[in-house]
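**Student:** Sequence first, then the predicted structure, then my questions.
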Amino acid sequence: CHVMVTEQDYFIDELLDIGADQIVFQAETQPHIDRTLNRIHARGVRAGVALKPATPLNTLDYVLEKCDTVLLMLINPGYASVKGEQQVAYAERKIKNLRSMIRERGADTKIEADGRISGEAIRKYGSGDVDIFVTGSTSLKRDNLAEGVEALNRIRASVTGGKS
């Protein structure tokens, strides 16, 4: 679950109570990132931090090793329905820099990408840069969801060599 609200604690508590497997919250609106990661982990739940496109990676300096996942938002939140909105120009650099940061620290943190995720993006980043993709209207069309899911499964199989 990605909690993208101003007052996160209430929603995090509710998600913990209903049995969420993983909770990712916005770094920009959480004054106590370390404490929140600890609180989620204390309940046996995977925890992570989401970063808006322009939020620098150094926000993670002291908590990266505690993050099971870092979700990189690749378009500015609230603009997904705006025609022509594209991933930020520095998306690739941010993904590569985060992957380097994780490797340098020997962390087991997964990278999740959200925002205009296309089949091309999955092919480009799915072989070692990004671990989890959030797909939406760029990859799936309402009028034919089954076909879109089949296409994504084919891409996944080609990127992973058929492994899940």
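**Tutor:** Alright, I've got the coordinates.

**Student:** Please enumerate the helices of this protein.
**Tutor:** Remark: helices assigned in the chain by DSSP state H are 8-18, 33-42, 91-105, 119-125, 145-160.

**Student:** Report the residue spans of this structure with pLDDT below the cut-off.
**Tutor:** 79-80, 139, 164 (pLDDT under 70).

**Student:** Contacts only, for residue 33.
**Tutor:** Residues near residue 33 by Cβ atoms under 8 Å, 6 or more residues apart in numbering: 27, 49, 59, 63. C-beta coordinates here come from the backbone N, C-alpha and C atoms, glycine included.

**Student:** So which of these wins on neighbours?
**Tutor:** residue 49 (25 neighbours; other Cβ atoms under 10 Å).

**Student:** Please tell me how far residue 30 sits from residue 39.
**Tutor:** Per Cβ to Cβ, to the nearest Å, residue 30 is found 11 Å from residue 39.

**Student:** What of residue 124?
**Tutor:** Distance from residue 124 to residue 39, counting by Cβ to Cβ: 35 Å.

**Student:** Equivalent analysis for residue 100, please.
**Tutor:** 29 Å.

**Student:** ok, the two, which is more surrounded?
**Tutor:** Remark: of residue 100 and residue 39, residue 39 carries more neighbours, 17 against 11, as counted by other Cβ under 10 Å.

**Student:** ok, now which ones touch the nearest residue to the more buried one once chain neighbours are set aside?
**Tutor:** Closest residue to residue 39 apart from its sequence neighbours, by Cβ to Cβ, 6 or more residues apart in numbering: residue 12 at 7.5 Å. For residue 12, the contacting residues are 3, 23, 25, 36, 39, 40, by Cβ under 8 Å, 6+ apart.

**Student:** So which of the contacts of residue 33 are in strands?
**Tutor:** Among these, the ones falling in strands (DSSP state E) are residue 49.

**Student:** between the contacts of residue 33, which is nearest residue 162?
**Tutor:** Proximity of these to residue 162 (Cβ to Cβ) peaks at residue 49, which lies at 31.5 Å.

**Student:** correct me, but the closest one touches residue 68?
**Tutor:** No: applying Cβ atoms under 8 Å, one finds residue 49 not in contact with residue 68, separated by 9.8 Å.
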